[in-house]
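Chemist: this one's sequence-less:
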């Protein structure tokens, strides 16, 4: 073993000396400490390159135009081979965008459905998820974009009704005596949505006495109408009213509020007349608790007999009415003769739209029974 002794100072080859020079007089520890910063720097650089390179590559990689077109085609079907100009531009824009999001213009969608350019493929399945911002197709998130024109229409309609209500504010007794009131109707059992499809008047009455649907009562009349109903109920008799309200956590003039408002805005093709009634902004503005207060608090107050959440039944009725309007030749022909093809398409879309809002949980439908 003594014959194999090696003197480190006379070693002919030293890898550290070859790196720093043969004349280096540094000890092994000094050489390693000088090499340490270089190794750390190179290691950190390699880690950053390995982490950032995939993300940088993903951001810069454009999406295939066919991918976004296929996703959009799954939800919206063009009536011809080629996409309308707005959707062709949207598909092209999505192909070059960084995010996998397809934002469809609400005004374009409604206008194109009414003029027959496009059609929603499966409104019952896709619209609720679309309204809840949960619709994902082939990895693409499909949503709605609110245009300035629709924003203004959504805002202006409640504002106009609120201003009229403020201008017409007079004592309640005078309101009941002198203001023009919507006529109360007498109903006989639960109504059939198909029977009223031509006039867009869907009702689910539950009594054979006085009945009022607040969805068709202008907001500046709704308090007077409830007071009239309260005064008209005879002792020992029942009365019912039905109405729609948004969910309590729906932010006023937020994105979901605006989407909920669309079925209650004035129609473009189906206009009110002697045989049809327009929806009003009352469901967007009236409070569930205020309605019950007007009926059950004060002189000649009514007794609250029953409150039912009829949202599911109402949704089924809307979907059945839309299907009947589309599939029944007699109902379709009669409606088109009165309102035109565009009005027929608009009515089907608005029924499907409203049904989807109930399915998504954004609206609730109530039936209240009172007695004196």
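Modeler: Cool, got the structure. As the structure is a prediction and not an experimental result, all values here were calculated from the model. Numbering: from 1, shown residues only.

Chemist: rest of the way, CA atoms for contacts and neighbours
Modeler: Fine.

Chemist: quick one, helices of the chain?
Modeler: 15-20, 28-60, 65-75, 85-96, 106-114, 123-131, 148-167, 172-178, 222-232, 255-261, 282-285, 288-296, 311-327, 329-359 (DSSP state H).

Chemist: average model confidence for the last one?
Modeler: In this model, helix 329-359 has an average pLDDT of 95.

Chemist: likewise the first one?
Modeler: The average of the pLDDT scores along helix 15-20 is 47.

Chemist: ok, the longest one next?
Modeler: Confidence over helix 28-60 (mean pLDDT, whole number) is 51.

Chemist: could you list the low-pLDDT ranges of this protein?
Modeler: Counting by pLDDT under 70, the ranges of the chain that qualify are 1-66, 157-209, 272-277.

Chemist: please repeat the previous calculation with a cut-off of 80.
Modeler: Within the chain, the stretches with pLDDT under 80 are 1-67, 80-83, 88, 91-99, 147-209, 248-254, 271-278.

Chemist: could you chop it up by domain?
Modeler: 2-60, 65-145, 148-371 (automatic domain parsing).

Chemist: which residues does stretch 244-253 contact?
Modeler: 155, 214-215, 256-257, 260, 283-284, 286-288, 361-366 (CA atoms under 8 Å, 6 or more residues apart in numbering).

Chemist: check contacts around residue 126.
Modeler: By CA under 8 Å, 6+ apart, residue 126 lies in contact with 75, 135.

Chemist: coming back round to it: PyMOL command for the buried members of the contacts of stretch 244-253?
Modeler: Command for PyMOL, covering only those of these found buried under the criterion 16 or more other CA atoms under 10 Å:
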select buried, resi 214+215+256+257+260+283+284+286+362+363+364+365+366
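
Chemist: any idea how many residues pack against the nearest residue to residue 236 once chain neighbours are set aside?
Modeler: Excluding the flanking residues, the one nearest residue 236 by CA to CA, 6 or more residues apart in numbering is residue 372, at 5.6 Å. Residue 372 has 19 neighbours, counted by other CA atoms under 10 Å.

Chemist: right, and residue 372 touches residue 240 too?
Modeler: No: between residue 372 and residue 240 there is no contact under CA atoms under 8 Å: 11.8 Å.

Chemist: now do residue 149 against residue 115, distance only.
Modeler: Taking CA to CA, to the nearest Å as the measure, residue 149 and residue 115 are separated by 18 Å.

Chemist: looking at those two, which is more packed in?
Modeler: Applying other CA under 10 Å to residue 149 and residue 115 shows that residue 115 carries more neighbours, namely 14 against 10.

Chemist: what sits against the spatially closest residue to the more buried one that is not a sequence neighbour?
Modeler: With CA to CA, 6+ apart as the criterion, residue 115 has its nearest non-adjacent residue at 5.8 Å, and that residue is residue 342. Contacts for residue 342 (CA under 8 Å, 6+ apart) come out as 114-116, 269.

Chemist: same thing with residue 72?
Modeler: By CA under 8 Å, 6+ apart, residue 72 lies in contact with 102, 137, 142.

Chemist: and the gap between it and residue 92?
Modeler: From residue 72 to residue 92 the distance is 12 Å (CA to CA).

Chemist: try residue 302
Modeler: From residue 302 to residue 92 the distance is 61 Å (CA to CA).

Chemist: please apply the same query to residue 99.
Modeler: The gap separating residue 99 from residue 92 is 13 Å, by CA to CA.

Chemist: do residue 330 as well
Modeler: Distance of residue 330 to residue 92, given as CA to CA: 42 Å.

Chemist: residue 269 too?
Modeler: Here residue 269 is placed at a distance of 32 Å from residue 92 (CA to CA).

Chemist: cool, and residue 322?
Modeler: In terms of CA to CA, residue 322 sits 33 Å off from residue 92.

Chemist: again, but for residue 240
Modeler: Distance of residue 240 to residue 92, given as CA to CA: 53 Å.

Chemist: who has more neighbours, those two?
Modeler: residue 240 (24 against 16).

Chemist: hmm, back to that, which residues does the residue nearest to residue 236 contact?
Modeler: Residue 372 neighbours (CA under 8 Å, 6+ apart): 233-238, 301-303.

Chemist: over to residue 278?
Modeler: 216, 264, 266-267, 271-272.

Chemist: those, buried ones only, as a PyMOL selection?
Modeler: Restricted to buried positions by 16+ other CA under 10 Å, the PyMOL selection for the contacts of residue 278 reads:
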select buried, resi 216+264+266+267
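
Chemist: wait, which of the contacts of residue 278 is closest to residue 308?
Modeler: Nearest to residue 308 among the contacts of residue 278 is residue 216, at 19.5 Å by CA to CA.

Chemist: my read: the closest one touches residue 283, true?
Modeler: No: applying CA under 8 Å as the test, residue 216 and residue 283 come out as separate, 9.1 Å apart.
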